[in-house]
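[1] 3D model of this:
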Amino acid sequence: MPTDLKKMRNIGIMAHIDAGKTTTTERILFYTGKIHKIGEIDDGQATMDWMQQEQERGITICSAATTTTWKNHQINIIDTPGHVDFTAEVERSLRVLDGAVAVICAVGGVQPQTETVWRQADKFNVPRIAYINKMDRVGADFFAAVNGIHSKFGVECVVLQLPIGQGSEFEGCIDLLKMKEFRFEGDEGEKVVESDIDASRIDMANEWREKMIDQVASTDDALAEIYLDGGEITSEQLKNAIRKATIARQIVPVVCGSSRKNTGVQLLIDAVVDYLPCPTDIPPAKGLHVKKNETEEVQIPCDVSKQALGLVFKIQYDKEMGSLCYVRMYSGKIQSGAQILNINKKKRERVNRILRMHADKSEQVNSIEAGDIAVFVGLKLAQTGDSIGSEGYPVLLEEPIFPQPVISVSLEPESMSERDKMNEVLAILSKEDPTFTYHDDSETGQLIISGMGELHLDVLVTRMKDDFKVQCRVGNPQVTYRESVTAEAEVSEVFEKVLAGKDAKAGITVKVAPRETGAGNSYTCLVRNNDIPDEIYEAVESGFKSCLESGINYGYPCTDIAVTVTGIEYDELTASTFAYEACAAQAFDKACNQAAPQLLEPVMNVDISCPKEFVGEAMSQMTQRGGMIMGQDSHTAEEIIHAQAPMAKMFGFTTNLRSATKGMASFSLEFSHFQVKAGGLGNGF
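    As a prediction, the model looks like this:
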């Protein structure tokens, strides 16, 4: 493997569900010699979909990582899920990637989930290339797909390849840099055959090459000068200018092919090597240097000779090895057997082994250096988002922020002996997946698990039963509501009690106020008194924070509330941490009930894909459930309806939609925002 960072690529394959991400990854691995047989998703044989459930359902659930080589370049690939319920998997992968390949279906064009992952890539400033897949399908339209990317995302699409034919007539690609036709022969398309452009296509190729040069020259002054003087621009100059503009996110290069028909994938791998950035091409990562009592923002250049620093971006449980921590190194070098510092936890840990992953298989390596991605075995405390490194350089890299769970089900063990085992498994799963949470409901005594959608929870429960052999019963889905306030209120509360024969007294003045939607909760203490010990401040903060989690009237977590402590009464003779925590709970309860509390329900973005003739039925199904139609997009083969609806009304929607559209429609749900629930709690289901 090359250690030259210029010859390393950390890339992700991202797209809408069913656009062909895993199929494309499978071909990349085959042509780069990593695997010797192409596995198909439809047969449950795809290398990257290694989980039993992924094979059974034919979808990607967790992002799999692998490393391969192409033309002496090391490529670390992460194949991300397309289903919106697993959005956290995409989020944490994009956080650590240098570049991405956006797979776009030539028939469906830019689909709703493509928009979600594109926005996530924008958030992390990830340069990308677009690969128009499924060119062999009936209804494939290369130019419509390119226009869709341009109009939806407002990006400058530079077409580097043209398809030779479309649909059933698709037979290869025209490379506009080399001005050659490429066809892919042999049983697996492994033989790349180059030929001159056919006379019937040369005019179109010249026209698009001219357009490409014009677009690229507008991003590069030196090229623009040659172009305007009518000089000859070489392929090498073009390639360098395209690479520079792609990394600067001024353009998105577009290539095409059909992964399923083994056409065009080798040219896609060439484009990854030629145009996507290496670890030193992108701006240095930012972090917070933790000094004694303050933090200072620093930049972390990708340099092997500097102090070690890496980010744990994913945790996966393995039966034999325990927690596998996926780490992206940003600086320095870590060797296996080394002792490192978990900077978030301020605890030392030992790296027992370092592995290079290939989906669920692995090979052991001695060390990992800046710019690389590998798996650490032996870290007991690490969680997703933790920074690890050396004690001499305690820098916190930015933690990923994950969306709040919006759907819950109750879980009961088949027998009491299963209870402890079930709790152990839940702890493992919630450590793996930050969007999965569980808690005991104090009122019903039930164990409640929460996640991002029905499919998300179904997958997790099936994993508990099949992989961990935990026997449990599952209740009906329930919506996870939130509580908030709509007015300001300030109260003073005093707590007095005799505890173990000793007087305990605490006094707190607190103000609660609403924050704007989506801003989250905030806690501020305005009291500055040196006579009050730190543990009292900590007890007050801990009391209010646990109240925000346990709700006002219904026991649902609070959101968008600002808690400000304006006064603390303190007497060292009667003060105790318990008294202040209890006083905080009473004060919070009283203040919130005076501040017009409201129950909020989750509202979902719903994207329905259906044939034109069923648009009316699909819209009717949506409005019957209290949904609002927000807009509609037309594609060659289907219509996409954008709507919003309360989560509580969406249970069982799949069945109704399918029966109304003869099984031709599908939909995806994504959390949008919380809004005031009409008519209080009721039963809602």
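[2] the helix or strand encompassing residue 10 pairs with which strands, parallel or anti?
    Using DSSP states H and E, residue 10 sits in strand 8-15. Strands that pair with strand 8-15, judged by DSSP bridges, come out as strand 73-79 (parallel), strand 99-105 (parallel).
[3] buried stuff in stretch 432-443?
    Neighbour-count burial for stretch 432-443 flags 432, 433, 434, 435, 436, 437, 438 (criterion: 16 or more other C-beta atoms under 10 Å). Any C-beta I mention is one placed from the backbone N, CA and C, and that applies to glycine too.
[4] could you save those residues as a markdown table and add columns showing secondary structure?
    A markdown table is the format used below for the buried residues of stretch 432-443 (DSSP: H, G, I helix; E, B strand; the rest coil):
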| residue | secondary structure |
| --- | --- |
| 432 | helix |
| 433 | coil |
| 434 | coil |
| 435 | coil |
| 436 | coil |
| 437 | strand |
| 438 | strand |
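[5] can you redo those residues as CSV with pLDDT and distance to residue 248?
    Below are those laid out as CSV (pLDDT from 0 to 100; distance: C-beta to C-beta, whole Å):
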residue, pLDDT, distance to residue 248
432, 75, 36
433, 75, 34
434, 73, 32
435, 77, 33
436, 82, 37
437, 83, 39
438, 85, 44
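[6] coming back round to it: for the strand holding residue 10, list the C-alpha coordinates in CSV.
    Presented in CSV, the C-alpha positions along strand 8-15 are these (Å, rounded to 0.1, in the frame of the first residue of the first chain):
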residue,chain,number,x,y,z
MET,A,8,-4.7,8.1,-1.2
ARG,A,9,-8.5,8.7,-1.7
ASN,A,10,-11.1,8.6,1.1
ILE,A,11,-14.4,8.4,-0.8
GLY,A,12,-18.0,7.6,-0.1
ILE,A,13,-20.7,6.3,-2.5
MET,A,14,-23.9,8.1,-1.8
ALA,A,15,-27.4,8.2,-3.4
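[7] any regions of the chain where pLDDT drops low?
    Within the chain, the stretches with pLDDT under 70 are 1-3, 16-18, 34-64, 79-92, 292-295, 357-361, 398-404, 442-445, 636-637, 679-685.
[8] phi first, then psi, for the residue lying farthest from the centre of it.
    Most distant residue from the mean C-alpha position of the chain: residue 501, 53.9 Å away (C-alpha atoms, centre = their mean). Dihedral pair for residue 501: phi 80, psi 10, per degrees, to the nearest 10.
[9] check residue 191 too.
    Reported as degrees, to the nearest 10, the phi and psi values for residue 191 are phi -90, psi 110.
[10] residues near it, how many?
    When neighbours are counted by other C-beta atoms under 10 Å, residue 191 registers 11.
[11] can you get me a residue count around the closest residue to it other than its chain neighbours?
    Using C-beta to C-beta, 6 or more residues apart in numbering and skipping the chain neighbours, the partner closest in space to residue 191 is residue 185 (4.4 Å). By other C-beta under 10 Å, 13 other residues sit near residue 185.
[12] residue 185 reaches residue 172, doesn't it?
    No: assessed by C-beta atoms under 8 Å, residue 185 is found out of contact with residue 172, at 9.6 Å.
[13] show me the contacts for residue 172.
    Shown in contact with residue 172 (C-beta atoms under 8 Å, 6 or more residues apart in numbering): 163, 164, 181, 182, 183, 184, 263, 264.
[14] same question, residue 426
    438, 447, 449, 464.
[15] buried stuff in the helix or strand where it lies?
    Applying DSSP H and E as the criterion places residue 426 in helix 416-432. Buried residues in helix 416-432, counted by 16+ other C-beta under 10 Å: 418, 421, 422, 425, 426, 428, 429, 430, 431, 432.
[16] can you check stretch 479-486 too?
    Those would be 479, 480, 481, 482, 483, 484, 485, for stretch 479-486 by 16+ other C-beta under 10 Å.
[17] and the one helix or strand the fifth one maps to, what does it pack against?
    It stands for residue 483. Secondary structure assignment for residue 483, by DSSP H and E: strand 482-485. When contacts are defined as 3 or more C-beta pairs under 8 Å, 6 or more residues apart in numbering; DSSP states H and E, strand 482-485 sits against strand 502-514, strand 597-610.
[18] how far is the first one from where the chain is centred?
    In terms of C-alpha atoms, centre = their mean, to the nearest Å, the gap separating the centre of strand 502-514 from the centre of its chain is 40 Å.
[19] name the residues that touch the helix or strand just after it?
    From strand 502-514 onward toward the C-terminus, using DSSP H and E, the following helix or strand is strand 522-525. By C-beta under 8 Å, 6+ apart, the residues outside strand 522-525 that reach it are 515, 537, 540, 541, 544, 545, 548, 561, 562, 563, 564, 565.
[20] need the max-distance pair from those residues.
    Maximum pairwise distance among those (C-beta to C-beta): 22.3 Å, between 515 and 537.
[21] of the contacts of residue 172, closest to residue 141?
    residue 163 (9.8 Å).
[22] in the sheet, who's paired with that closest one?
    Residue 163 forms beta bridges with residue 173, as assigned by DSSP bridges.
[23] any chance of CSV for the buried residues of stretch 479-486, columns distance to residue 582?
    Listed next are the buried residues of stretch 479-486 as CSV, based on distance: C-beta to C-beta, whole Å:
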residue, distance to residue 582
479, 31
480, 27
481, 26
482, 25
483, 21
484, 24
485, 21
